[in-house]
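S.K.: next input, structure requested:
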Amino acid sequence: MDANSDESQKGASEGGQSDDSERRATEKFISDLLARGEAVFEGEEPTPQTTHVIKREDDGRLTVRRLRFFH
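M.R.: Predicted coordinates for the structure are as follows:
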C-alpha cells in the first residue's frame, strides 16, 4: 500500500478527506503487520514469519512491499 496512490490523489482534489483516511488506513495496516511480526523495516533481517518489508521514502512516506506468502 502506498499512501500516495492514484486513488488518494483523486481524493485530495475532493477536499482531502479521502487522502487522510488512506493515510490512516496505511498506518494501521503497517502497525498491524509489525504487531504480528509479519513485517520488518528495510535493512533489517527478515524472520521466518516476515511477509512484508517496510520502506521509508525520502519524503517520509512509508511504503509496504510483499516479500513472500506465509503458509
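
S.K.: next SSE after whichever helix in the chain runs longest?
M.R.: As assigned by DSSP state H, the longest helix anywhere in the chain is helix 17-35. For helix 17-35, the succeeding helix or strand toward the C-terminus, using DSSP states H and E, is strand 39-41.

S.K.: give me the below-cutoff pLDDT ranges for this structure.
M.R.: 1-15, 71 (pLDDT under 70).

S.K.: so how far does stretch 34-44 reach from one end to the other?
M.R.: Between the opening and closing residues of stretch 34-44 there is a gap of 13 Å (CA to CA, to the nearest Å).

S.K.: circling back to that earlier point, residues of the longest helix of the chain that come out buried?
M.R.: For helix 17-35, a neighbour-count test (16 or more other CB atoms under 10 Å) marks Ser18, Asp19, Glu22, Arg23, Thr26, Ile30, Leu33 as buried. Yep, even glycine has a C-beta here, placed from its N, CA and C like the rest.

S.K.: next, the distance between the ends of stretch 39-51.
M.R.: 6 Å.

S.K.: distance from that stretch to the middle of the chain?
M.R.: Relative to its chain's centre, stretch 39-51 lies at 14 Å (CA atoms, centre = their mean, to the nearest Å).

S.K.: ok, now stretch 53-67?
M.R.: In terms of CA atoms, centre = their mean, the gap separating the centre of stretch 53-67 from the centre of its chain is 6 Å.

S.K.: how about Glu45, phi and psi?
M.R.: The phi/psi pair for Glu45 (degrees, to the nearest 10) reads phi -80, psi 120.

S.K.: who are the contact partners of it?
M.R.: For Glu45, the contact set (CB atoms under 8 Å, 6 or more residues apart in numbering) is empty.

S.K.: quick thing: my sequence starts at 726, can you match it?
M.R.: Yep, numbering from 726; the last one is Glu770 now.

S.K.: look up how far Ser756 lies from it.
M.R.: According to CB to CB, to the nearest Å, Glu770 and Ser756 sit 21 Å apart.

S.K.: check which residues of stretch 763-772 are buried.
M.R.: Neighbour-count burial for stretch 763-772 [16+ other CB under 10 Å]: Ala764, Val765.
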